[in-house]
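Student: What would the 3D arrangement of this be:
(chains A and B)
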Amino acid sequence: MAQTGTANRPLSPHLQIWKWGAHMFVSILHRVTGNGLALVGLALLVWWLGALASGPEAYATFSGHASSWYGMVVLIGITWAAFTHMTSGLRHFVLDIGAGYELGINRTWSILSPLIAIALTAAFWALLLN
Amino acid sequence: MGNGTSIGRVRGLGSAGHGTHHWLVQRFTAVGNLLLLIWLGASLLLLPNLGYQTVVEWIARPIPATAMALLIISSFWHARLGMQVMIEDYVHGANRVAALIALNLVAFAGAAFGLFCVIRLALGGA
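Tutor: Okay, the predicted model is just below:
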C-alpha cells in the first residue's frame, strides 16, 4: 500500500476501523464470490465444455470428479457463489438507480440478499438431485 | 478532485479518458449473465439426465449452442472487467501490469477455447 519514502502520509481508514454492518458484509461477499466465480466457476465451465467436445471418455473423467464428494462440494460452492453474486448484483442494480440508500431499507436488503441466495441454492440442488 | 476545464466537463471522460465505459459494460454483461445463467440453470434442471449423449444432443441444437456461446462471451467479459477492478485495488507497480496482462491473456484464451468447443459440438465434430 503505502510506498516507503513518501513520508508518513495518513492512510484512508480501512476494514479494521469501521463498526461492522450488513452492507459491508454483502459488499465483501459480492467481491469474493465474483472473483471466485471468475477463477473457479469459469474454469469448471470450460472444463465441462472441453470434456463434452473431447468425447465420452473425457466426459466420464469430468463426471467422475464432478459426482465425487469433493466435486459436489465445489459444485455446490459454485452455485452458492453464483446465486449470492446474482442477488447482491441485483441489489447493486437498485442502488445504481439511486434507490435503497435509506438506512433501514439498505440494511434489510443487505441481510436478505445472501439469505435468498442460500434458499435459491438449496432449491436448485433439491430440484437437480430428485 | 478538481472541476477540470469546461470542455473536459462536457466530454465527461474523467482523468482516465474512459468515462463510464467500464462501469456500463460491467452492467450490460451483468444483465447478459443474469438471463443466460437462468437459461443454463433451467436447462440443466429440465434435461432428463446429464449423461454424455443427452448433453451433447442438447447443446448441438441451434438455440442452446447460441445461448452457450453468448454465455461464454458475456461471462468472460464480465469476469475480465471485475477482476481488473480487484487487481487495481490490491496489486501495485510492475506486478499490476503483469497481472493485468495475464488477466487479458487468460480471459481471451478461456473464452476462445469455450467458443471453439461449442462450435465443434454444434457442427458435429465431436
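Student: Show me which residues of chain B are close to chain A?
Tutor: B:27, B:30, B:34, B:37, B:41, B:44-45, B:50, B:52, B:55-56, B:59, B:68, B:72, B:75-76, B:79, B:82-83, B:86, B:92, B:110, B:113-114, B:116-118, B:120-121, B:125-126 (Cβ under 8 Å from any Cβ of the partner chain). (C-beta placed from N, C-alpha, C; glycine too.)
Student: Stretch B:60-72: which residues count as buried?
Tutor: Across stretch B:60-72, burial judged by 16 or more other Cβ atoms under 10 Å in any protein chain shown covers B:60, B:64-65, B:67-72.
Student: For A:A22, state which of these is nearest.
Tutor: When these are ranked by distance to A:A22 (Cβ to Cβ), B:L71 comes first, at 31.0 Å.
Student: what mean pLDDT would you report for the strand or helix carrying the closest one?
Tutor: Using DSSP states H and E, B:L71 falls within helix B:62-90. Computed over helix B:62-90, the mean pLDDT rounds to 97.
Student: Ok, stretch A:31-38 next?
Tutor: On average, stretch A:31-38 scores 97.
Student: And chain B, is that stretch touching that?
Tutor: Yes: for stretch A:31-38, a contact with chain B is found by Cβ under 8 Å from any Cβ, at A:31, A:34-35, A:37-38.
Student: Next: stretch A:86-102.
Tutor: Yes: Stretch A:86-102 reaches chain B (Cβ under 8 Å from any Cβ) through A:86, A:89-90, A:93, A:96.
Student: For chain B, see how far away A:T61 is.
Tutor: Per Cβ to the nearest Cβ, to the nearest Å, A:T61 is found 11 Å from chain B.
Student: Quick one: residues contacting that residue.
Tutor: A:A51 (Cβ atoms under 8 Å, 6 or more residues apart in numbering or on different chains).
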